[in-house]
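> Give me coordinates for this.
(2 chains)
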Amino acid sequence: MDLIKELVNENLIVLNLKATSNLDAIEQLATVLYDNKYVKESYINAIKEREKVFCTGLPTEEVGVAIPHTDVEHVIKPAIAVALLAKPVKFEMMGMPENKVDVEIMFMLAIKEPHAQIELLETLMGILENKRLLNMIKYAKSSKDISNILLNR
Amino acid sequence: MKKILVACGTGIATSTMVVNKLRNKLTQRGKISNVNISQCTVAELKSKADNFDLIVVTTKVSFTVKTPMILGIPLLTGVGEDKVLDEIISVLGL
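Prediction:
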């Protein structure tokens, strides 16, 4: 099983990401994963296309969140990338695309094998359902702070 | 034994998270021993649906099936989660 500490990397955590749209935000963070050699170049387009078909906006109680991801074939090494958006960006709501979510935190998943990365998914679940942790991430001042939250949850 | 099928677009991320959440919550409510939970992609759903008592999806599907289907987003966001669980338990007659 892949331990979460192998999947979290400060280089994959971006604060103050300026994006003009959901697809722009996705492209920027996907490019970070590609530049750090976690995913193939095809991931960037694939994840944008997938967002159009299976949108990932989630209106948790406190903060709008998105969890874009795409098929395993585009992933080289599993990881989670995080972006705090400088200004909220509208994503379509998962399961109900006619609704829009003002997203402030994007958790981008590069999953190779869901059962090997189960700890990552459980950690993410734990964060999504925890208002306090989501706020800690939203107001974090550094990539290291966010990395610590993910690793020590 | 009641059988639940959880489906999402790629059959990896949100379905895995929902399966996990369902297992935890049904265990908390003492219902887990009566339930079997599987996961699949939305593409596989149509062919598998008849073998299950309930389907939980994280995306809208364009086709209809006879098996009851519930949208499981509240299980991801936590908002309205207990209501969805009540519904799941009720539909399965647990």
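> Excluding chain neighbours, what is closest to the residue of chain B found nearest chain A?
Of all residues in chain B, B:G9 sits closest to chain A, at 3.4 Å by Cβ to the nearest Cβ. Placement of C-beta: from N, CA and C, glycine included. With sequence-adjacent residues excluded and distances taken as Cβ to Cβ, 6 or more residues apart in numbering or on different chains, B:G9 is closest to A:F54, at 3.4 Å.
> Keeping just the C-alphas, turn the helix ranked longest in chain B into PDB.
If you go by DSSP state H, chain B has its longest helix at helix B:13-28. What follows is helix B:13-28, C-alpha atoms only, in PDB (Å, rounded to 0.1, in the frame of the first residue of the first chain):
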ATOM      1  CA  ALA B  13     -11.900   7.900  -6.700                       C
ATOM      2  CA  THR B  14     -15.400   9.000  -5.600                       C
ATOM      3  CA  SER B  15     -16.900   5.400  -5.600                       C
ATOM      4  CA  THR B  16     -14.000   4.300  -3.300                       C
ATOM      5  CA  MET B  17     -14.700   7.200  -1.000                       C
ATOM      6  CA  VAL B  18     -18.400   6.500  -0.900                       C
ATOM      7  CA  VAL B  19     -17.900   2.800  -0.300                       C
ATOM      8  CA  ASN B  20     -15.600   3.600   2.600                       C
ATOM      9  CA  LYS B  21     -18.100   6.100   4.000                       C
ATOM     10  CA  LEU B  22     -21.000   3.700   3.600                       C
ATOM     11  CA  ARG B  23     -19.100   0.900   5.400                       C
ATOM     12  CA  ASN B  24     -18.200   3.200   8.300                       C
ATOM     13  CA  LYS B  25     -21.700   4.600   8.700                       C
ATOM     14  CA  LEU B  26     -23.500   1.300   8.300                       C
ATOM     15  CA  THR B  27     -21.100  -0.200  10.800                       C
ATOM     16  CA  GLN B  28     -21.900   2.700  13.200                       C
END
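> packing partners for the helix or strand just after that helix?
Downstream of helix B:13-28, the next assigned helix or strand under DSSP states H and E is strand B:35-41. With contacts taken as 3 or more Cβ pairs under 8 Å, 6 or more residues apart in numbering or on different chains; DSSP states H and E, strand B:35-41 sits against strand B:2-8, helix B:13-28.
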